[in-house]
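S.K.: Quick check, what structure comes out for this input:
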Amino acid sequence: MGETITYVGEHLRIGNLGHFFVVLAFVSALLSAIFYVKAKDDSAVEKKIGRWLFATHAFSVFGVFVTLFLIIQNHYFEYAYAYEHSSLKLPLRYMVSCFWEGQEGSFLLWMVWNAILGLILIFTAKRWERGVLAIMALSQVVLSSMLLGVYVFDGYTLGSSPFILLREKMDIPLFASAEYLRNIVDGTGLNPLLQNYWMVIHPPTLFLGFALTIVPFAFAVTSLFQKEYRAWIKPALPWALTGGMILGAGIVMGGFWAYESLSFGGYWAWDPVENASLVPWLLLISGIHLMLIKKVTNSSTIAAYTLV
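M.R.: This is a model prediction of the structure:
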């Protein structure tokens, strides 16, 4: 058996707290979805439990967000995420950009917006709440699983934890020393192309647009179960319009960033990342038009459902 090393200077408590919040977010979202599905009517006890569980989930997501930001802001380079995406020289506005440079941070940003939207829907969805919140909670289960970083079956990892330690991710001789942190004086820093003011506001706007698209989807799916093929348009349409506007604004911001920072020679180059934002926006705008047609004429039912 190898000798156990007691590492010096690591801030393990905050990482363990972050791990706890991720697991709590996953479990509470799953249970919330189950209780919302089990609720038979709006006065059922299961619905109230589902509400409290979603609120617990939202609290957990905010806890993950704050915990990870503190790790980045305090330069705890023993954590791989802080080491790979930040450095001591970055100003605060770019420290924020570090948060969503990585895959884990992007998933977390999406989860934060979904959690906020879910809390709003608890108070505004009214008779649609049970179905809409069940779908919102299920989407959070999927996103939460992307941050678990747990081993399942034979060597397969479910998700990638933003709280993994550098010595857990890299197998190099440096970590044979209990005081390895003395030799890690700085992180690798933020990609120079991302050190732009557009990158402070572009990703949050874009991901809010992505998050908003699930709301009309949730209303549409709920209406199928309730066999109300027209009534869902009225509550879903404002959300779809807001999502189309914000997602479109995020895409425009990305174009300005590309013009200033990249070598495109323009605002748009049909890059795969650009297309991954444009295609959902086009589908959403098409869906909005068909929702309006459905609302006024009660036609184009299948097309409206398909696009939404």
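
S.K.: All the helices of the stretch 1-150 of the chain, residue numbers only.
M.R.: Using DSSP state H, counting those that start in this stretch, the helices of the stretch 1-150 of the chain run over residues 12-38, 45-73, 80-85, 92-99, 103-124, 129-145.

S.K.: make that the stretch 201-308 of the chain, sorry
M.R.: With DSSP H, counting those that start in this stretch as the criterion, the stretch 201-308 of the chain has helices at 214-226, 233-261, 272-297, 301-307.

S.K.: Name the nearest residue to the spatially most central residue of the chain, sequence neighbours excluded.
M.R.: In the chain, the centroid-proximal residue (Cα atoms, centre = their mean) is W110; its distance is 2.0 Å. Of all residues not flanking W110 in the chain, F207 sits nearest, at 5.1 Å (Cβ to Cβ, 6 or more residues apart in numbering). For every residue, glycine as well, the C-beta is placed using N, CA and C.

S.K.: The one you found: neighbour count?
M.R.: 23 (other Cβ atoms under 10 Å).

S.K.: Off-centre distance for stretch 77-93?
M.R.: Mean C-alpha position of stretch 77-93 versus that of the full chain (Cα atoms, centre = their mean, to the nearest Å) differs by 20 Å.

S.K.: now swap in stretch 229-241 and tell me
M.R.: Remark: stretch 229-241 is offset 24 Å from the chain centroid, using Cα atoms, centre = their mean.

S.K.: same deal with stretch 210-224?
M.R.: Distance of stretch 210-224 from its chain centroid, counting by Cα atoms, centre = their mean, is 17 Å.

S.K.: Can you point out the buried residues in that stretch?
M.R.: Neighbour-count burial for stretch 210-224, counted by 16 or more other Cβ atoms under 10 Å, picks out 210-223.

S.K.: still on that earlier bit, any idea how far the residue nearest to W110 is from T157?
M.R.: Per Cβ to Cβ, to the nearest Å, F207 is found 24 Å from T157.

S.K.: ok, now W198?
M.R.: For W198, the distance to T157 equals 33 Å [Cβ to Cβ].

S.K.: Kindly report the same for F62.
M.R.: 25 Å.

S.K.: So between those two, which is more surrounded?
M.R.: Counted by other Cβ under 10 Å, F62 and T157 do not tie: F62 has more neighbours, with 16 against 12.

S.K.: and the closest residue to S145 other than its chain neighbours, how many residues sit next to it?
M.R.: Once flanking residues are discounted, S145 sits nearest to G159: 5.3 Å by Cβ to Cβ, 6+ apart. For G159, the neighbour count with other Cβ under 10 Å is 18.

S.K.: Ok, H75 next?
M.R.: 18.

S.K.: check contacts around it.
M.R.: A82, S86, L88, G187 (Cβ atoms under 8 Å, 6 or more residues apart in numbering).

S.K.: how about 10 Å then?
M.R.: A82, Y83, S86, S87, L88, L90, M95, I184, D186, G187 (Cβ atoms under 10 Å, 6 or more residues apart in numbering).

S.K.: Test my guess that the fifth one contacts F77.
M.R.: Yes: applying Cβ atoms under 10 Å, one finds L88 in contact with F77, separated by 9.2 Å.

S.K.: what about those two, which has more around it?
M.R.: Neighbours per residue, other Cβ under 10 Å: of L88 and F77, the larger number sits with F77, 22 against 10.

S.K.: Retrieve the pLDDT associated with that one.
M.R.: Listed pLDDT for F77 reads 93.

S.K.: what's the answer for E3, then?
M.R.: Confidence at E3, expressed as pLDDT, is 63.

S.K.: picking that back up, quickly list what's touching both of L88 and F77.
M.R.: Common neighbours of L88 and F77 (Cβ under 10 Å, 6+ apart) are V185, D186, G187.
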